[in-house]
Structures are given as structure tokens and as C-alpha cells.
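Engineer: dropping the sequence and predicted coords here.
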Amino acid sequence: MNILDQIIAHKYKEVEERKALYPVKLLEKSLYFETPCLSLERYLLRPDKSGIIAEIKRKSPSKGDINPYVSVERTSIGYMQAGASALSILTDSHYFGGKNEDLMVARKYNYCPILRKDFTVDEYQIVEAKSIGADAILLIAAALEPNRLKQLAAFARSFGLEVLLEVHNQNELEATLCEDVTIVGVNNRNLQTFQTDVALSLELAQHIPAGMTKVSESGMKSPKTLVELQQAGYNGFLIGETFMTDGRPERAAAEFIRELRHLQQDLIPAQSQA
């Protein structure tokens, strides 16, 4: 059983416990439940933004503690001031040290799309995501049967939530694409070894249908890598550890985005000459 299998097995148990503690009827009373969602896709395509989905992640199964005492308020505000397009908030507690309250804090202080980064296996979690102020959810192809993933995608869309479909290979991509998914994320992290290789995003770019918004996830440590991915057709870049390993993640994000913009400006004369 690899780490993803362990996480998913634990998640099913956790969901059943949460259903008993916080029934759907209670979740539906949330202030956020009737609030229209912001479009993650639209913000990723905005030319005045960086395309970066900046993540708040306290720890991970492969790295252990990363930034366990991060200030969600300060970091989320700083990310957006730096020019991030959206936020990603880890809400899994057991393996990643997150919590629903982290997303609610980010929602309170930021007007931007927020991705709930968790391991969604049940409709209950989608209702829960809406109740805490999320605008989008993650569905992982490696964690769900294709038909089940499509059911969950349709259910999410019925609440106005967008879906980031995460794939690791061409087979997963072809098996799970559906009308309720318009954003495809390629996770560069091998779930067996936890090594990352951005070459996977470059390889799969040509297989993602035209019109889909492409997001590269994990392993992007340099702004130069983002420029290369943009040239391959990627609009979004989910970055967590590169920022979170700094004592001030928002400062690391600002420096990263500043350098990215310089690189993009340098490309304009070269492209016009070509």
C-alpha cells in the first residue's frame, strides 16, 4: 500500500466521523453556502496575474514538518499582494497538518479563488468545501475510479465549485476527462517515490485537449521553469514547498514572482524579433 492508498483509506474513515459530527443540514447553514464562487479558471487566465496558485502547507508525508506554525492570515494576504492568482489551502489534518479553519481564515481576508486541497472521495466533502468558503476542489484520478470521479465532478459543479482534475499520466487523463472538468493539473510528483520531475508536465501538455486550462503541480523551484511551462501551454502553477520552506512564505513568493515578471519582460523583445 503506497502513501496515497494509506491517505485514501484514512480519508474514508475520517469522512464517516465528520458526517456524524457535522451533518449536511448543519453545513448548509454556513454563511458561505449561498455565496457565489469565484472562478479559479478565470483568475488563472488573467494577464495581470502570475498564474501561480500559492499553497499553504504545514507538513507532508514525505518531508515531515515544513512550516507548522505558519500564519495563514499573514501568508495568504502576502501571497495575493505578491501577485498570486489564487490560493491553495491544505485542509487534511492527519497527513498534512491542515484544517478547515485554515481555509476559513484565508477566505475571511482574501477576495480571490481558493482551492480546497484535500483528498475528496465523497459528496459530503464537497458540501463541506462549499460551507467553508472554497471556490474549487481537487479530484485525484489516481485515487478514484473514473466513473466515480465524474460523479463527484458533476456534484461539485452543481454547487458552483470548479474542479481541478489531477493526473499523473496519459491513461488517467483520457479516462477521467468529462464536461464538468475544464482545469487539468499534472502532478509532477511520483506517488511511489515522491520524486518530482517537471518533464512530466511538458510530456503531457500535448495530450491535454485544446481549450482546457493547464496547471502544473509540484517541483517548480525556479521562475525559469514557469516560463518554459508557459511556452508549453500551461496557464497555472501550483507551488507550495518552494514558498513554505521559507520562514516568510509570502516574501519568498514575492521574490519569485518579481523574477518571473522580469523573465517574461525579457522574452517580449526576443519574441518580437523572431
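Structural biologist: Good, I have the coordinates.
Engineer: okay, CA-based contacts and neighbour counts for the rest of this
Structural biologist: Will do.
Engineer: who are the neighbours of the strand or helix carrying L164, in terms of helices and strands?
Structural biologist: Per DSSP states H and E, L164 falls inside strand 162-167. Applying 3 or more CA pairs under 8 Å, 6 or more residues apart in numbering; DSSP states H and E, we find strand 162-167 packed against strand 136-140, helix 146-158, strand 183-187.
Engineer: just checking: what are the partner strands of the last one?
Structural biologist: Using DSSP bridges, the strands paired with strand 183-187 are strand 162-167 (parallel), strand 213-217 (parallel).
Engineer: now mean pLDDT and distance to A143 too, for these, in CSV please.
Structural biologist: Converted to CSV, those look like this (pLDDT from 0 to 100; distance: least, CA to CA, whole Å):
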stretch, mean pLDDT, distance to A143
strand 162-167, 98, 10
strand 213-217, 98, 16
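Engineer: T176: which of those is closest?
Structural biologist: strand 162-167 (8.2 Å; CA to CA).
Engineer: now the closest one: buried residues?
Structural biologist: E162, V163, L164, L165, E166, V167 (16 or more other CA atoms under 10 Å).
Engineer: next: stretch 37-48.
Structural biologist: So stretch 37-48, judged by 16+ other CA under 10 Å, has buried residues C37, L38, S39, L40, E41, Y43, L44.
Engineer: which of these sit farthest apart?
Structural biologist: By the measure CA to CA, C37 and L44 form the most distant pair in the buried residues of stretch 37-48, at 14.6 Å.
Engineer: show the pLDDT at the spatially closest residue to E128 that is not a sequence neighbour.
Structural biologist: In this structure, E128 finds its nearest non-sequential neighbour in L27, 6.3 Å apart by CA to CA, 6 or more residues apart in numbering. With respect to pLDDT, L27 scores 97.
Engineer: likewise the one 4 residues further on?
Structural biologist: The predicted structure scores L31 at 93 on the pLDDT scale.
Engineer: hang on, it in a strand?
Structural biologist: No: counting by DSSP: H, G, I helix; E, B strand; the rest coil, L31 is not found in a strand; it is coil.
Engineer: give me the number of residues near it?
Structural biologist: 12 (other CA atoms under 10 Å).
Engineer: contacting residues for it?
Structural biologist: S131 (CA atoms under 8 Å, 6 or more residues apart in numbering).
Engineer: from Y22, how far out is it?
Structural biologist: Per CA to CA, to the nearest Å, L31 is found 15 Å from Y22.
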